[in-house]
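[1] Here is a sequence with its predicted model. Questions after.
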Amino acid sequence: MPGRAQFVKKVKRWIKWLVLLTLLLLLTPFLVSRWQASGNRIRLLNDEPATPIANANSFRIACYNIAHGRGLADTNWSGGDPQTRIARLDEIAALLSEIDADIVVLNEVDFDASWSNNVNQAQYLADKCGYPHRVEQRNLDFRVLYRTWRFGNAVLSKLPLSNAALIDLPSYSPWETAVAGKKRAFGVDAQISEGRSVHVIAAHLSHRSEDLRERSADSIIQHVRNQRLPCLIAGDMNSSPVNFPRPNVTPDARNAMETFAKSQLFHRSQITPPTARSHFTFRSDNPDIVIDWFLVTEELYFKSYDVIDSQLSDHRPIVADIAGGND
């Protein structure tokens, strides 16, 4: 009996060490990835010397939520095999080249995600479309064993970029933020021409609640109030004005797009409710709501604005020619 008890005790000890070793193997890549994430939240990358547009009085900007390159699939994991994903990115690149914007804001872009075969989609599109300058900003950034989740917002630019900075937004859950990350926005200065620059803000507000979106809008407004340059906000706001189709409001009747409007800082890309299906931005195969937006401060104005009919993502890209500024 003493020998049996000693054997059982030894087995339990080995099981305990095996469990601890297994947890260590599981947690180490995750903990390292979360430690590294704080230093990789935003990166400004310039591949060659930049030159502003000579004597420009306007510039073209596009905004596109590319949905991780999954197309119209319901989940990121069902977006197709590696060849299909790359072929779709090539089609997105061809579309962006046709739009020929000076600046492109991307939402839901993967930098190193297992479901999109660990392709840095911002770099891939920048190389394909001839954008030598970009900013990458990660919202979620973590690794579990050999799978990675790294994605967020990006700006691709033909124009000089400088002073990229994060804009902190309210979190959905402190625990989720600690474990995986959260949605943030960022701003970057783009030099349009000699003596003329604009502060471009890339944002993707939460799909989870209008309250969170409304509080995020407040954070972005505060950032804009602190800027010396004309500002342009671009992104998937997941919010629509209350007089537009399918708006969401908080229980006390607050709304992110109305919060932007009440600040009296901005003109927006669509002022009146859509009168044609071609004006809606989501969902691309049967659009019935406007949730992708440009907002510009009073120094800037829209020369043109359009929604592009494309089903390469569940969002349609939007494009605008914008004039004015700090000349």
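    Cool, the structure landed. Residues are numbered from 1 along each chain as shown.

[2] Distance check, the residue lying closest to Ser116 once chain neighbours are set aside against Asp285.
    The spatial neighbour of Ser116 that comes closest, neighbours along the chain excluded (CB to CB, 6 or more residues apart in numbering), is Asp110 at 4.5 Å. Where you see a C-beta, it was placed from the backbone N, CA and C, and this is true even at glycine. To Asp285, Asp110 is 22 Å away according to CB to CB, to the nearest Å.

[3] Pick out whichever of those two has more residues nearby.
    The residue with more neighbours, out of Asp110 and Asp285, is Asp110; 29 against 9, by other CB atoms under 10 Å.

[4] Distance check, that one against Tyr124.
    Distance, Asp110 to Tyr124, using CB to CB: 10 Å.

[5] ok so, going back, the residue nearest to Ser116 and Leu18: what is the separation?
    35 Å.

[6] Ok, Leu232 next?
    Counting by CB to CB, the gap from Leu232 to Leu18 is 56 Å.

[7] the more surrounded of those two?
    Leu232 (27 against 10).

[8] That one against Glu298, yeah?
    No. Leu232 lies out of contact with Glu298 (CB atoms under 8 Å); the separation is 11.8 Å.

[9] Would you map the helices across the stretch 101-250 of the chain?
    Per DSSP state H, counting those that start in this stretch, the stretch 101-250 of the chain carries helices over the ranges 121-129, 174-179, 210-225.

[10] Mean pLDDT and distance to Asp189 added to the ones you listed, as a markdown table?
    Formatted as a markdown table, the helices of the stretch 101-250 of the chain follow (pLDDT from 0 to 100; distance: least, CB to CB, whole Å):
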| stretch | mean pLDDT | distance to Asp189 |
| --- | --- | --- |
| helix 121-129 | 97 | 18 |
| helix 174-179 | 84 | 27 |
| helix 210-225 | 97 | 13 |
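
[11] Am I right that Phe292 is in contact with Thr281?
    Not Phe; residue 292 is Asp. Yes. Look at Asp292 against Thr281 with CB under 8 Å: they come within range, at 4.1 Å.

[12] Now the common contact residues for those two.
    Common contact partners of Asp292 and Thr281 (CB atoms under 8 Å, 6 or more residues apart in numbering): His315, Arg316, Ile318.

[13] hang on, the earlier thing: beta-bridge partners for the residue nearest to Ser116, please?
    Taking DSSP bridges as the rule, Asp110 bridges to Phe151.

[14] just Leu295 next, same as before
    Going by DSSP bridges, Leu295 forms beta bridges with Ile233, Arg268.

[15] That one contacts Gly235, doesn't it?
    No. Between Leu295 and Gly235 there is no contact under CB under 8 Å: 9.3 Å.
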